[in-house]
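**Student:** Fold the stuff below for me.
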Amino acid sequence: MKTSRSAVYLKLSPRTVRRLFQVALTGLWGWFAFKFFLTAGGPAVLVASGICLLGGLAAAILVFLSDLSFIAHAPERDIDEYQLQQRNRAYLATLRYGSGALALAWVARASGGPHTPVTAGVLDNFILVLFLTMLIAPAGFLATRLLADETSS
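**Tutor:** Next up, the predicted model:
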């Protein structure tokens, strides 16, 4: 049973999806950095943190609702062979990104020693940002791949 993509997903160009993906990553990871590194900041840090979070979430929602997100998350029966190949490459890039983020977090924790301020709240924030990133990463990497194929041909 095929679903109607136009009823649920936004028709955005790969360039727009890639830019929104970059804004989402910057906003979400920027929020995490503000919360982690600038805990003693004043109201300006709080406002900047809130702007990063809201901007990142809004961009992530738009990426998740894009038609490239449909290709990235669709069952195999709903996409053609070319889209399946592109999706698989995007999944591999997403796996590499997530593995790299986890490895970097482990290295940061291990090199920081016993005085590293990794509390349950910090870990919750990291997991939330990584989870949201991994939801939108296939569509973002798919958009990047499509733009690279477009410029090479």
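**Student:** Local confidence estimate at residue 31?
**Tutor:** Residue 31 carries a pLDDT value of 92.
**Student:** Can you point out the buried residues in the strand or helix carrying residue 130?
**Tutor:** Element membership for residue 130, per DSSP states H and E: helix 120-152. Neighbour counts over helix 120-152 (16 or more other C-beta atoms under 10 Å) mark 122, 125-126, 129-130, 132-133, 135-146 as buried. For every residue, glycine as well, the C-beta is placed using N, CA and C.
**Student:** Show me what it is packed against.
**Tutor:** In terms of contacts (3 or more C-beta pairs under 8 Å, 6 or more residues apart in numbering; DSSP states H and E), helix 120-152 is packed against helix 14-37, helix 43-64, helix 67-73, helix 81-112.
**Student:** Counting neighbours, what do you get for residue 119?
**Tutor:** Using other C-beta atoms under 10 Å, residue 119 is surrounded by 9 other residues.
**Student:** how about the spatially most central residue of the chain, what does it touch?
**Tutor:** Closest residue to the average C-alpha location of the chain: residue 133 at 2.7 Å, with C-alpha atoms, centre = their mean. Shown in contact with residue 133 (C-beta atoms under 8 Å, 6 or more residues apart in numbering): 24, 25, 28, 29, 97, 98, 101.
**Student:** leaving aside the residues next to it on the chain, what's closest to the fourth one?
**Tutor:** In space, not counting the residues next to it along the chain, residue 29 is nearest to residue 129; the distance is 6.2 Å by C-beta to C-beta, 6 or more residues apart in numbering.
**Student:** quick one: the one you found from residue 76, how far?
**Tutor:** Computed as C-beta to C-beta, to the nearest Å, the residue 129 to residue 76 distance reads 30 Å.
**Student:** closest to residue 68 among the contacts of residue 133?
**Tutor:** The closest of the contacts of residue 133 to residue 68 turns out to be residue 24 (C-beta to C-beta; 13.3 Å).
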